[in-house]
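Peer 1: Fold the following and give me the result.
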Amino acid sequence: MLANNFKKSLLAAKVGLILGTGVSGVAFAEENQTGVNEDVEVIEVRGIRRSLEASLNTKRFATSVVDAVSAEDVGKFPDSDVGEALGRISGVSVGRQFGQGQQVSIRGASAQLTRTLLNGHTVSSTNWYDQQSIDRSFNYSLMPAEMVGGIEVYKSSQADLPEGGVGGVIIVKTRKPLDLDANTVFGSVKFDYGSIAEQWDPEVSGLYSWKNDDETFGALVALARKETEYQRRGTETILAWGGAVAPTVFKQERERTAYNIALQYAPTDEMEFGLNYTGLDLQADNINSSLFLFSQGADAARWIPFGDKYSNGGVDENPVDGPLGNMPECQQVNASNDCVKTTLDAMAGGSWGQTWVRDAEMDSQTIEINGKYTTDNFVIDGRIGTTKSDGGTNFTAAQREGIGQASDFAGVYDATGKIYHVDTAVKSWTRDDFVGDGKLDIPGWSIRSQPNTDEEDFVQGNIKFFVDFGAITSIKTGFSYAEHFVEERTFWPNPRVALNDVDGTASKLYKESQLELSQGMLFPEADYDAMLSRAQNTLGEWELLRSGYGTVEEENFAAYVMAEFSADGIRGNFGLRYISTDAESDFFAVDFDGLAAGKYKEGGSLAGYQAYERTLTTEKGDYNDVLPSVNVVFDLADDLILRTSASQVIARPNYADMFSRQEQTGFNDDLELNEVLSKGSPALKPFKATQADLSIEWYYSDSALLSATYFIKDISNFTTATLIQDQSLGIIDNFGNDNWTLSTKRNAVGGQIRGVELQWQNSFDNGFGYVTNYTFVDADAEGENYADLIPEFSDSSEHTVNLVGFYEADDYTIRAAYNWRSEYMIREGAKFYGNRMHDDYGTLDITATYTLNDYIGFSFEVVNLLEEDSVQYGAASDGASVKNELKNNYPAWSFEGERRIKAGVNFRF
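Peer 2: Numbering: from 1, shown residues only. This is a model prediction of the structure:
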């Protein structure tokens, strides 16, 4: 009771401070719990070499294990993409599922175990894509590089560092007006060209910073806007749907707007106040068109030879002549005797042409007040604020119809490699090739609206006392408290209006132009506005889908005490951090009693959607822990450091795993035996690890480093899913089946991550320089903790390599950077794409700048010069509880690599 009253008192104080925009008794500061030694030497930053020196400086003088990326000047971040810049750091791997660096994993831990903070506090975020789960990760594609002054990556922990990152903590820092010259003006105009979309897209950004002559008050305004037509071509497989292979194209019109307003007031040398407002908006409307090729209508890619006939890979043990008397010729079998390369003389039928249309968006708004008060004996700092994000898929629906003739799709279907290759008789289709009455169907199960909300109110405070207790130089203590709320709602139309509209013809829904799918095929280009309008006109009233509603409410409290010490040749810190979490989740439960009593028998195909209680149920959970940490740095010589670290760290479960709702996926769609009932729990315990580091670092010049680090993470607890197949629930699908997979989130134990990081970088007086690093990670997990039975942690690559070379002259620079990571598991559980292996992936990027004079400069950048493909395949064995395309190295999905070219001009004065 006392603890709860204390938390509520803190929140009440925070709200009062926000409303009054004043500070009384305690000042609040922007510099919160970053953990960097405050005696770090200040470096004048100009050019690539000076930027590297600033980054090395941060690493060298920190007491914990820190790597940094620094902007050499306003608007001169080393990469135009924040995620890509992070990928240059040793031990950091970046996921690029939609063409940009979006999520970051550190030292073999999942990207969902990386905590990202903006200026030391949380930033709310929601996903625009309905096939992505709600987690705690940050989408780096939202943050324009022009607004970033620097990034720090904490790979070890210390007591004053906010908890939440088993992999690590990343702090993104924006600029402050009192740090810049008065009337600083920066602007840039860029054009971005994609090799798949084949068009130039505009991007503009600007910054203005002012301060008075006394340098006691300053204001900064920054704005960035980018419009991009992004296209992704790929090949996807759905074996359960007639052995389907689907060349696809995803086309998205992205509009990203970001803005930052910062105010600073320093009435005296001892006191400082600040206000920071950040807005991140993304409109992400998209279409996704596919041509489904049904290779013989029933798992044809799995047919195997049986004498002079065929057997359906163990699904049908009776040898037959083939469906409709039209068997493929098996050209090649794999080790399991499965036919993986066939020649089809003609398809049993035509193909399905299908287009998904999505109205999708997300935004994030954050405001925080900070302050700092410094005396000779102590420093008090802190912040209060709120952050909120709304987004998701506002509307989505699929529209489809048969297209082409059987003979059009004769050819070779080759699944022998990691990429499924198709070569058909006809490769070009227009809107006139749709068959039947020419009207496209909208399956009722596809129509959804799924808005999400994510918000947090927070307060943080710290006080640091300077002491003289022998080697102990300071004692620091503080607290943080946050109330977090996440809500996901799913709506569906009830009833859905019958489709007999004239606007449903292919000529109304598709343009005369074509888009290129993968495999060199052409498909009519969908008219986004026409498809969206037509789908919306088929609706009755939106009705809340109770299986898709869930909330998570979380109260997080932390308090710490930490001592810093320094003596001859040794420095560091040690401390304890106490964390406490109370969580609850509201949901509608399945009415199993009503199902057993036959209450929903008359519901037909809607029965499964209706079989939920009408009132909310609440489940609760809580946990607390004490996390010790110690960091010791031995200054063996002026240029040689031995660094050691040990700590316990946690990462709270993802929100999607904490939803107690009993969510249906795959129910009443076009795939038989595809139904999944998923349930999470707010009582899940956090991910927890005991970790240690040992490194030797040689700074043999101001811009040179040679280092080696050994690290280990012993994972004592993490979250995974248990899948139980072939369960009867009393809910019958549109095929007449009551066969469900139950997916339940649970805590699992066991697993260890061990690895080595090697770094070597240097800059020479002649302008040349290089940065190289290599990371080896051995991330062993218990295979039975995953449905795929693969004993590896998610997102973990065994090998990661960065090779960067550059040349810098007085008025121009050029840099080549190659980043490569070995294969890694992507796990999305019951979502459509499931658990699969991503093949090794490497990108070569080129950047160049030219400075015309003190005011005007030019930039040029090529990202993914070699157009590396994203290849994903099934790595599970036959005994795994995953779908067939995720087993036995089957080529599940592949997406063509896109080269992006960016050219721009910037000015600064």
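
Peer 1: Mind checking the pLDDT average for stretch 513-531?
Peer 2: Averaged across stretch 513-531, pLDDT comes to 95.

Peer 1: At which residues are the helices of the stretch 401-550 of the chain located?
Peer 2: Remark: helices assigned in the stretch 401-550 of the chain by DSSP state H, counting those that start in this stretch are 506-509, 528-536.

Peer 1: For my notes, please list those helices in TSV and give distance to T216 for each entry.
Peer 2: All C-beta spots, glycine's among them, are computed from the backbone N, C-alpha and C. Shown next, in TSV, are these (distance: least, Cβ to Cβ, whole Å):
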stretch	distance to T216
helix 506-509	62
helix 528-536	52
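
Peer 1: how close does the closest residue in space to I715 that isn't next to it in sequence sit to D657?
Peer 2: The shortest distance from I715 to any non-neighbouring residue, by Cβ to Cβ, 6 or more residues apart in numbering, is to G751 (4.2 Å). Per Cβ to Cβ, to the nearest Å, G751 is found 17 Å from D657.

Peer 1: just E270 next, same as before
Peer 2: 46 Å.

Peer 1: Neighbour count: those two, which is higher?
Peer 2: Set E270 next to D657 and count neighbours by other Cβ atoms under 10 Å: D657 wins out with 24 against 13.

Peer 1: who's in contact with that one?
Peer 2: 680-681, 684, 719, 745 (Cβ atoms under 8 Å, 6 or more residues apart in numbering).

Peer 1: from what I can see A222 touches N260, true?
Peer 2: Yes. With contact defined as Cβ atoms under 8 Å, A222 counts as touching N260 (4.4 Å).

Peer 1: Give me the distance from the helix or strand in which F718 is found to the chain's centre.
Peer 2: F718 is part of strand 704-727, with elements assigned from DSSP states H and E. Here the centre of strand 704-727 is set off from its chain's centre by 17 Å, with Cα atoms, centre = their mean, to the nearest Å.

Peer 1: who does that strand pair up with?
Peer 2: Strand 704-727 has its sheet partners listed here by DSSP bridges as strand 687-701 (antiparallel), strand 740-748 (antiparallel), strand 752-763 (antiparallel).

Peer 1: Would you mark the buried spots in the last one?
Peer 2: It refers to strand 752-763. 752-755, 757, 759-763 (16 or more other Cβ atoms under 10 Å).

Peer 1: same question for that strand, mean pLDDT?
Peer 2: For strand 752-763, mean pLDDT is 95.

Peer 1: Take the helix or strand harbouring G218, keep the C-alpha atoms, and write them as CSV.
Peer 2: Per DSSP H and E, G218 falls inside strand 217-238. Extracted C-alpha coordinates of strand 217-238, given in CSV (Å, rounded to 0.1, in the frame of the first residue of the first chain):
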residue,chain,number,x,y,z
PHE,A,217,17.6,31.5,-23.7
GLY,A,218,17.5,29.6,-27.0
ALA,A,219,15.0,28.1,-29.3
LEU,A,220,15.3,25.5,-32.1
VAL,A,221,12.9,24.4,-34.7
ALA,A,222,13.6,21.4,-37.1
LEU,A,223,11.4,19.9,-39.8
ALA,A,224,11.9,17.1,-42.2
ARG,A,225,9.5,15.7,-44.8
LYS,A,226,10.0,12.8,-47.2
GLU,A,227,7.8,11.3,-49.9
THR,A,228,8.8,7.9,-51.2
GLU,A,229,7.2,5.5,-53.6
TYR,A,230,8.6,2.2,-52.3
GLN,A,231,8.2,-1.0,-54.3
ARG,A,232,9.1,-4.5,-53.2
ARG,A,233,9.0,-7.5,-55.6
GLY,A,234,9.0,-11.0,-54.2
THR,A,235,8.0,-14.6,-54.5
GLU,A,236,5.9,-16.2,-51.7
THR,A,237,4.7,-19.7,-51.2
ILE,A,238,1.6,-21.1,-49.6
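
Peer 1: can you list the weak-confidence ranges in the stretch 701-850 of the chain?
Peer 2: By pLDDT under 70, the weakly predicted segments of the stretch 701-850 of the chain are 829-830.

Peer 1: er, the stretch 251-400 of the chain I mean
Peer 2: Ranges of the stretch 251-400 of the chain meeting pLDDT under 70: 295-350.

Peer 1: Try it again at 80.
Peer 2: 294-350 (pLDDT under 80).

Peer 1: I figured R88 hits D67, correct?
Peer 2: No. In this structure R88 lies outside contact range of D67 using Cβ under 8 Å: 9.5 Å.

Peer 1: who's more crowded, these two?
Peer 2: More crowded of R88 and D67, by other Cβ under 10 Å: D67, with 26 against 20.

Peer 1: other SSEs contacting whatever helix or strand that one lives in?
Peer 2: According to DSSP H and E, D67 maps onto strand 66-70. Judged by 3 or more Cβ pairs under 8 Å, 6 or more residues apart in numbering; DSSP states H and E, the packing partners of strand 66-70 are helix 47-61, strand 148-154.

Peer 1: cutoff 10 Å now
Peer 2: helix 47-61, helix 82-86, strand 148-154, strand 168-174 (3 or more Cβ pairs under 10 Å, 6 or more residues apart in numbering; DSSP states H and E).

Peer 1: To G194, which of those lies closest?
Peer 2: Checking those against G194 by Cβ to Cβ gives helix 82-86 as the closest, at 15.3 Å.

Peer 1: From the contact counts, what lies against that closest one?
Peer 2: Here helix 82-86 touches strand 66-70, strand 92-95, strand 103-106, strand 148-154, strand 168-174, strand 812-821, going by 3+ Cβ pairs under 10 Å, 6+ apart.

Peer 1: Let me have the ones you listed in a markdown table, extended by distance to L532.
Peer 2: Listed next are the helices and strands packed on helix 82-86 as a markdown table, based on distance: least, Cβ to Cβ, whole Å:
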| stretch | distance to L532 |
| --- | --- |
| strand 66-70 | 40 |
| strand 92-95 | 29 |
| strand 103-106 | 29 |
| strand 148-154 | 35 |
| strand 168-174 | 35 |
| strand 812-821 | 38 |
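
Peer 1: To I579, which of these lies closest?
Peer 2: When the helices and strands packed on helix 82-86 are compared by Cβ to Cβ, strand 168-174 sits nearest I579, at 13.9 Å.
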